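[1] Below: sequence and its predicted model.
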Amino acid sequence: MGETILFYIFGGLALLMVFLTVVQKNPVASALCLVLALFNLAGLYVLLMAPFVAVMQVLVYAGAIMVLFIFVIMLLKLRDQDLIDDQVTLPKLISLPLAALFIYILVKKFLTLGPLAFPPVDANFGAPKEVAGVLFSKYLIPFEITSILLLVAIIGVVLLAKKESR
Amino acid sequence: MEFNAQFINLIPLLPLAGAVVNGAVALKVSRSRLHDNTIKCPENFSAFVGCLFPILSFLLTAWAFLNLRDIPEGKIATDAVLPWLSTPLLNVSFGFLFDHLSSVMTLVVTGVGSLIHIYSRGYMHDDEGFSRFFAYLNFFLFFMLLLVLGDNLLVLFVGWEGVGLCSYLLIGFWFTDIAKAQCGKKAFVANRVGDFGFLIGLFLIIFTFISGAQGTDLRFLNYDFLNAHKDLLAPLATAITLCLFVGATGKSAQIPLYVWLPDAMAGPTPVSALIHAATMVTAGVYMVARLFFVFAMAPITLHVIATIGLITAIVAALIAITQYDIKKVLAYSTVSQLGYMFLALGVGAPQAAIFHVVTHAFFKACLFLGSGSVIYACHHEQDIRHMGGLLKKIPLTGITFLVSTIAIAGIPPFAGFFSKDEILWHVYASGYKTYYVLALLAAGLTAFYMFRLFAYTFLGKFRGHEVHHVPFAMNLPVGILGVLAVVGGLMGIPEVLGGHNHFHHWLHELTAGLPALEGDHHTELMLMGVSAAWALLLSLTSLALYSRNLNWTKNIKIKLNPIYQLMNNKFYVDEIYNALIIQPIKSISDAVLWKVADVKLVDGILVHGWANLSRFMAMVVVRVHSGLTSQYAAIIIIGLLAMLYVVVR
Amino acid sequence: MEITVVHYLILSAAMFGLGLWGVVLRKNLLIVFMCIEIMLNAANLTFVALARYFGKVEAHVVVFFVMAVAAAEAAVGLAIVIMMYRNRQTIRTDEWKIMGG
């Protein structure tokens, strides 16, 4: 019962926040709405017995990535003319129908699946220990490669973003 | 050496060889002229080669002729030189037939042709295109011989077209002068119009036999085949013969397609002599004579031919009286004499027509070559008002010219009398009494204007600048032709005068199976006397009038000015054709075919249209490449949706 | 009503659709990036929900990797945005059309 209410609260808020992210003019406001959306998602993860993922979401996504976003927004001195967007173009017109169609197809399909209740699982289902057990045994190599990827990204970013030296 | 039928094949091929050799020489000379101008026209070599082959052909022909006299079937057929078309529907091969008719024509072509080649050596001396001239002339002989020696209509047609081509090349020989080149073009186009009719006739013949009623023999166009199956041609005979006659009017310069012949005088005089007097223009007469068994089945066509021949004879004579260019007078005279030949054919006397072909070849070629000598002597002056008194200055030319003039006037016993008289007799005896009177009048006109020409050119005082000496190489052929003009008629002396009329008997099978002419000897003699006297009268009158005062017609011209203008301006036929046919075609070509069909349709739609279509499509398609990320994203999503739909369905 | 996996799937589809809409709609490059992040998150949600449904923890590992990659991608993307801004002082996508033809 409580789960249901929590699902609707977190889910509804997440959707609302995402919607606001998309439609806001001010990029900072968008970013902040997105942060909130991520928090709500983290809540949903907890409901789904994925505590490790939830914490990762808050730490990495909301904590690092979005902060980076906000830093960059602040860095770029966006003038008003960058923000106005009143031209009616074809992509603009077509975007909503496309998205609606997309959602419609998927939802239609999902609804035909029938009620698929969650089977009961072990209490330790999404615990860090469990995840780590899989991560460092079966998926060790992708883990290492991901770290190299991050290294490469860091180097790339530094190279790209540093000031031009005279 | 025994005469072999295969030698006949050589008769046309020898001039072809000469044409090839001289053609190669001419090409080399012109190429050198383009680069460094080191090679000069090898006149002696070209003339030697150019004259040698025709003379050899003539000797071969003479030899073949002598052999032909002993052959009872009356023909030597050679094996086909080349098979040409052998299809399930039609079988035609390149074969030659040397029978009585073609032997006569071939002798004339090669004989007179050789003389003219010899003459050209002198006339074309120092001309830039000397070798080219002989190449063309030999080429012409080749085609003409194909025409007369072919054993089927298709080989005749090849020769027919070929002589048209050579006529064009030779008339426009001095093509750097635009006017002369256009005369060549006019000849070719007029010929072509006639050839269209000829082709329709050929198609009709093939159409008759294509149904297979005659059995398995597929050689539709061979003469012997046509003769054997002529009853099958009877229903379409009038149509076929009329169409073939249209071709003849083009080639032999009858009304309405004669307009090219006077303009053809723009070519060198030997060309006028050979092509437009002796040989090419007689091709139409030959064709009708050859196919006379078909024409005999179409009395309407024969009537048409006779009428057109007569009208042509009269109209041309009327124009000739007023002309002042020596070659133009002779050209119209040729048209007029050709009219006589067709008149003879039309009343059913092909032998008389061919006889006149032969005698006409002699005296007309002599006249033309003589006029060439005159032009040469007067430094290329052609207006007879600037000549005169040449009889004393170039006597040999003058005498031969006089002899030929007497011949063409029809004064006995020279050649023209016998042939012309035979034609007149046949006209009368076939019942065409009015035609006879008119033809007689035209004969009188002929005598009149020819002696007018003679008087203007050779009598009286010299009105020009300077007279050149005429070389022997030019005088010799003229002399030989003059002699022939005198004695040539003797082979056709009619029985009524005690002769045997060898000529008529030689060609008697042209009218085999047709009703013979009825006529009474007394009438024949009387008419003969009438025509002789009439010709003599008008000749002497003309001489008297013109030798006394060349301008005696001045008052007549003023009083009858409209009629005079009409005659002097060739009855404005060229102008009429220009207005009725040529200008409309030109303006239609310009307004419709060029501006609409070519510019708008072909250029506009077929060329620019596709280009514009491409450009238009490109301009539409290029909008996909806008560079806008959101647009690209949208397109990706559309694709994604499509895939999703397929997967999820 | 009990919450089934279908609810989560529908929710995630809706989020993804909203993010999709945003990518095509918005002209500000930074917001476009954020919408891409939204889409990634929607995918993550799907993974976690299905992990719970099937009872396999491997999906959590996948989510982990997705987050790592998203981080790297966001960093590099934002560095590029900074460079673009340095070049033309604008980050509107309709100004950046040099690949157009």
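    Perfect, I can see it now. Residues are numbered from 1 along each chain as shown, chains lettered A, B, ... in the order given.
[2] contacting residues for residue 116?
    I went with chain A, as the question did not name one. When contacts are counted by CB atoms under 8 Å, 6 or more residues apart in numbering or on different chains, A:Leu116 touches C:Thr4, C:Val5, C:Val6, C:Tyr53. (C-beta placed from N, C-alpha, C; glycine too.)
[3] Let me rephrase: I mean chain B.
    B:Leu137, B:Pro270, B:Ala273, B:Leu274, B:Ala278, B:Ala365, B:Leu369, B:Pro477.
[4] Now tabulate those residues in a markdown table and tack on pLDDT, neighbour count and secondary structure.
    Listed next are the contacts of B:Ile116 as a markdown table, based on pLDDT from 0 to 100; neighbours: other CB atoms under 10 Å in any protein chain shown; DSSP: H, G, I helix; E, B strand; the rest coil:
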| residue | pLDDT | neighbour count | secondary structure |
| --- | --- | --- | --- |
| B:Leu137 | 92 | 31 | helix |
| B:Pro270 | 90 | 27 | helix |
| B:Ala273 | 89 | 32 | helix |
| B:Leu274 | 87 | 31 | helix |
| B:Ala278 | 76 | 30 | helix |
| B:Ala365 | 90 | 30 | helix |
| B:Leu369 | 90 | 34 | helix |
| B:Pro477 | 84 | 25 | helix |
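[5] In three-state terms, label the residue in chain C positioned nearest to chain B for me.
    Proximity of chain C to chain B (CB to the nearest CB) peaks at C:Gly100, 2.6 Å away. Here C:Gly100 is recorded as coil under DSSP: H, G, I helix; E, B strand; the rest coil.
[6] ok, it - contacts?
    B:His625, B:Ser626, B:Gly627, B:Leu628.
[7] Surely C:Ile36 and C:Leu20 touch.
    No - using CB atoms under 8 Å, C:Ile36 is not in contact with C:Leu20, being 9.7 Å away.
[8] what ranges of the stretch 401-550 of chain B fall below the confidence cut-off?
    Residues of the stretch 401-550 of chain B meeting the criterion pLDDT under 70: B:495-500, B:513, B:516-518.
[9] where along it do the helices fall?
    B:415-429, B:433-458, B:472-487, B:502-506, B:521-548 (DSSP state H, counting those that start in this stretch).
[10] ditto for chain A
    Using DSSP state H, the helices of chain A run over residues A:2-23, A:27-47, A:51-56, A:66-75, A:80-83, A:90-111, A:128-135, A:140-161.
[11] For chain A, which residues score under the pLDDT cut-off?
    A:81-82, A:85-86, A:165-166.
[12] Quick check: closest non-adjacent residue to the most centrally placed residue in it.
    Most central in chain A under CA atoms, centre = their mean is A:Leu38, positioned 5.8 Å from the mean C-alpha point. Taking CB to CB, 6 or more residues apart in numbering or on different chains, and ignoring the residues beside it in sequence, A:Leu38 has A:Ala62 as its nearest neighbour in space, at 4.2 Å.
[13] Who are the contact partners of B:Phe571?
    B:Val315, B:Leu318, B:Ile319.
[14] I'd guessed the last one sits against B:Lys570; true?
    Going back to what we said before, that points to B:Ile319. Yes - counting by CB under 8 Å, B:Ile319 does reach B:Lys570; the two are 5.2 Å apart.
[15] Which one of those two is surrounded by more residues?
    B:Ile319 (25 against 20; other CB atoms under 10 Å in any protein chain shown).
[16] coming back round to it: would you list the buried entries among the contacts of C:Gly100?
    The neighbour count (16 or more other CB atoms under 10 Å in any protein chain shown) marks B:Ser626, B:Leu628 as buried among the contacts of C:Gly100.
[17] show me what contacts B:Thr269?
    B:Tyr123, B:Lys327, B:Phe368, B:Leu369, B:Ser371, B:Gly372, B:Ile375.
[18] quick one: which of those is nearest A:Tyr8?
    Within these, proximity to A:Tyr8 (CB to CB) peaks at B:Lys327, which comes in at 118.1 Å.
[19] From chain A, how far off is the closest one?
    Relative to chain A, B:Lys327 is positioned 83 Å away (CB to the nearest CB, to the nearest Å).
[20] Please name the nearest non-neighbouring residue to that residue.
    B:Met265 (4.1 Å).
[21] And for residue 94, the neighbour number?
    Going with chain A. 18.
[22] that's the wrong chain, I meant chain C
    Counted with other CB under 10 Å, C:Asp94 comes out at 17.
[23] On the three-state scheme, it is what?
    Under three-state DSSP, C:Asp94 falls in the coil class.
[24] Contact partners for it?
    Here C:Asp94 is in contact with A:Gln87, A:Thr89, B:Leu628, B:Ser630, C:Lys27 (CB under 8 Å, 6+ apart).
[25] are any of those residues buried, and which?
    Using 16+ other CB under 10 Å as the threshold, A:Thr89, B:Leu628, B:Ser630, C:Lys27 are the buried ones among those.
[26] element containing whichever residue of the stretch 351-500 of chain B sits closest to chain C?
    Nearest to chain C, among the residues of the stretch 351-500 of chain B, is B:His380, at 72.0 Å (CB to the nearest CB). Under DSSP states H and E, no helix or strand contains B:His380.
[27] The spatially closest residue to A:Asn26 that is not a sequence neighbour: neighbour count?
    Nearest residue to A:Asn26, sequence neighbours excluded (CB to CB, 6+ apart): A:Leu83, at 7.1 Å. By the measure other CB under 10 Å, the count of residues near A:Leu83 is 14.
[28] In this structure A:Leu83 contacts A:Gln24, no?
    No - using CB under 8 Å, A:Leu83 makes no contact with A:Gln24, being 10.1 Å away.
[29] who in chain A is up against chain B?
    A:89-92, A:94-95, A:98-99, A:101-102, A:105-106, A:109 (CB under 8 Å from any CB of the partner chain).
[30] Quick one: residues contacting B:Tyr546.
    With contact taken as CB under 8 Å, 6+ apart, B:Tyr546 is in contact with B:Phe451, B:Arg452, B:Ala455, B:Tyr456, B:Leu459, B:Trp552.
[31] List buried residues within those.
    B:Phe451, B:Arg452, B:Ala455, B:Tyr456, B:Leu459.
[32] What separation is there between the first one and A:Val131?
    In this structure, B:Phe451 and A:Val131 are separated by 135 Å, where distance is defined by CB to CB, to the nearest Å.
[33] try the fourth one
    B:Tyr456 sits 131 Å away from A:Val131, going by CB to CB.
[34] one step back: need the contacts of B:Tyr546 in a markdown table with distance to chain A, can you?
    Below are the contacts of B:Tyr546 laid out as a markdown table (distance: CB to the nearest CB, whole Å):
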| residue | distance to chain A |
| --- | --- |
| B:Phe451 | 98 |
| B:Arg452 | 94 |
| B:Ala455 | 98 |
| B:Tyr456 | 93 |
| B:Leu459 | 101 |
| B:Trp552 | 99 |
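[35] Quick check: B:Pro160 vs chain A, distance?
    Not Pro; residue B:160 is Trp. 72 Å.
[36] just to revisit the earlier point, so which of the contacts of A:Leu116 comes closest to B:Gly519?
    Relative to B:Gly519, the closest of these is C:Val6; by CB to CB it sits at 124.6 Å.
[37] List the residues that contact the closest one.
    Contact analysis of C:Val6 by CB under 8 Å, 6+ apart lists A:Phe110, A:Leu111, A:Leu113, A:Gly114, A:Pro115, A:Leu116.
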